[in-house]
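Trainee: what's the 3D shape of this:
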Amino acid sequence: MNVDIIALRREFHQHPEPAFCEIRTAARIAQTLEAIGIEPQTGDAVIDTSGVVDYPTEIALEAAADFAVRTGADAGWTTRIRQSGTAVIADLPGDRPGPRWGLRVDIDALPIQESTEPDHFPAGNGFVSSVSDVMHACGHDGHAAIGLKLAERLVQDPMFPGSLRIIFQPAEEGGRGARSMIGTGVVDEIDHMLAIHLGLDLPTGHVVGGSSGSFATTKLRARFAGAAAHAAASPQEGRNALAAAAAATLAVLAQPRFSTADTRVNVGTLHGGESVNIIPSWAELTAEGRAVDDAVMADLCQRIVRSIENSAAAFDCGAEVIETGGCPTMASDHALAERVSQIAASLGATTEVLGKMSGTDDASLFMRRVTERGGVADYIQIGAGNRHPHHSPRFDIEESSLDLGVALLEKLLRTAGDQALL
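Mentor: The predicted structure follows:
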């Protein structure tokens with residue numbers, strides 16, 4: 001089998017799936033790995049969904065499995081993935097002793113309606129999202145394709161020291177996917193942990209060897225309980241849960257800045273109520289905090305929760321706040337980042353050794369786990385010329401960045417034991 005990296009990326013892009021519903025994507029990944037001679041690992045050995053908040057319903061999973069088969073995924077792999085979860089792992093041995101590498105590539109899409117304007121490259125070239133309100137708007141389609149092409153290269157020529165474990169991770173958006181995998185021990189034996197990200201507003205052909213300054217984040221959901229009543233006949237009998245949630249929204253957004261760390265807050269959704277003439281008995285909001293310092297993030301989260309609870313109390317309503325996801329800050333190993341930068345330069349890229357990663361990625365959980373156990377970790381940024389920002393309806397990547405990503409990772413692995421780069 002010849003893995004066509006462009007065709008794979010476009011296939012994944014055309015068939016996007018949200019968190020933990022990536023059944024078609026995971027089935028195609030497993031099917032491709034099997035075709036190139038790798039036995040994929042799935043199920044309890046690589047993912048534990050028992051503690052996942054808001055895991056998809058059986059109806060949603062069944063619909064995702066039906067979509068997978070209808071759009072060309074292998075029926076056998078679809079059934080297995082449907083039953084065992086959407087994480088896939090590929091282990092590739094080298095030909096001699098060396099470090100145990102881990103590579104995280106994420107596979108989920110976002111709840112965004114993709115642009116169909118003809119000058120939007122996927123739309124103009126026939127691979128725009130076929131799914132309403134779901135889109136690959138963060139480059140994960142490219143990450144998955146890079147992981148598969150790299151696997152093929154290393155199977156065809158396994159002359160590299162050590163071994164590589166490729167982790168195809170679901171549910172990066174929302175910070176739930178790495179959490180569901182890390183407890184199974186998937187990175188506990190890893191010496192060098194890598195993660196990659198395409199785009200990040202960098203030009204194609206530019207590589208940042210390692211990342212610093214990423215945000216820690218906590219994702220929250222608050223459910224408000226009030227009391228319904230007739231809005232005209234007996235409004236005093238009601239307890240307005242929607243008003244409480246609206247007040248909480250403003251209170252969350254009004255959190256003070258910190259002098260010691262950069263922070264962010266957001267309320268992403270707000271729903272509630274029954275009808276225009278009924279005092280709303282329920283409301284729900286989702287919120288997040290972010291900070292470039294883990295201790296500040298913990299403090300900020302406590303403040304957000306208190307703001308929500310106090311807003312509910314002011315309207316004589318109850319509020320239940322739960323954490324739905326999150327991850328810590330990340331730190332890249334300077335020596336490993338420098339080596340990545342040198343290799344990228346040898347491939348003709350312009351480079352930086354360390355650069356700021358201004359978003360959040362739950363690969364930081366894998367990285368933290370490895371470094372706590374004595375290993376090193378690195379988060380690599382690969383420019384992809386995105387003309388529109390991440391998480392927007394017109395986000396896209398320049399596909400020439402895919403080959404650079406594969407070449408960079410392959411050379412890094414093959415030269416792992418070399419003292420000199422060239």
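
Trainee: And the protein, split by domain according to the record?
Mentor: Here the domain assignment for the chain is 5-214+330-414, 221-327, based on automatic domain parsing.

Trainee: Let's have those in JSON lines, adding mean neighbour count and mean pLDDT.
Mentor: Quick note: C-beta positions are derived from backbone N, CA and C, even for glycine. Supplementary listing: those in JSON lines, determined by neighbours: other Cβ atoms under 10 Å; pLDDT from 0 to 100:
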{"stretch": "domain 5-214+330-414", "mean neighbour count": "21", "mean pLDDT": "97"}
{"stretch": "domain 221-327", "mean neighbour count": "18", "mean pLDDT": "98"}
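
Trainee: Now do the contacts for the most centrally placed residue in the chain.
Mentor: Closest to where the C-alpha atoms of the chain average out (Cα atoms, centre = their mean) is E172, at 2.1 Å. Under the criterion of Cβ atoms under 8 Å, 6 or more residues apart in numbering, the contact list for E172 reads D106, D108, H140, A178, D361, D362, A363.

Trainee: Tell me which entries of these lie within strands.
Mentor: Among these, the ones falling in strands (DSSP state E) are D106.

Trainee: List the pairing partners of the one helix or strand P97 maps to within its sheet, with orientation.
Mentor: Per DSSP states H and E: P97 is located in strand 96-106. Taking DSSP bridges as the criterion, strand 96-106 forms sheet pairs with strand 161-169 (parallel), strand 192-198 (parallel).

Trainee: can you give me the helices for the stretch 101-250 of the chain?
Mentor: Listed in chain order, the helices of the stretch 101-250 of the chain (DSSP state H, counting those that start in this stretch) span 121-124, 140-156, 177-182, 241-253.

Trainee: To R368, which of those helices lies closest?
Mentor: helix 177-182 (9.1 Å; Cβ to Cβ).

Trainee: Just the CA trace of that closest one, in PDB.
Mentor: C-alpha atoms of helix 177-182 as PDB (Å, rounded to 0.1, in the frame of the first residue of the first chain):
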ATOM      1  CA  GLY A 177      -9.000  12.900  25.200                       C
ATOM      2  CA  ALA A 178      -5.500  12.700  26.700                       C
ATOM      3  CA  ARG A 179      -7.200  12.300  30.100                       C
ATOM      4  CA  SER A 180      -9.000   9.300  28.900                       C
ATOM      5  CA  MET A 181      -5.800   7.600  27.700                       C
ATOM      6  CA  ILE A 182      -3.100   8.600  30.200                       C
END
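
Trainee: Against which helices or strands is it packed?
Mentor: If you count contacts as 3 or more Cβ pairs under 8 Å, 6 or more residues apart in numbering; DSSP states H and E, helix 177-182 packs onto strand 161-169, strand 318-327, helix 363-372.

Trainee: would JSON lines of the ones you listed with distance to E62 be doable?
Mentor: Shown next, in JSON lines, are the helices and strands packed on helix 177-182 (distance: least, Cβ to Cβ, whole Å):
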{"stretch": "strand 161-169", "distance to E62": "22"}
{"stretch": "strand 318-327", "distance to E62": "23"}
{"stretch": "helix 363-372", "distance to E62": "29"}
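
Trainee: just checking, Q14 touches V134?
Mentor: No: Q14 sits out of contact with V134 when judged by Cβ atoms under 8 Å, with a separation of 11.0 Å.

Trainee: quick revisit: of all the contacts of E172, which comes closest to G374?
Mentor: A363 (18.6 Å).

Trainee: M330 versus that closest one, what's the distance?
Mentor: 7 Å (Cβ to Cβ, to the nearest Å).

Trainee: So for the two, which residues contact both of them?
Mentor: Listed as contacting both A363 and M330 by Cβ under 8 Å, 6+ apart are Y379.
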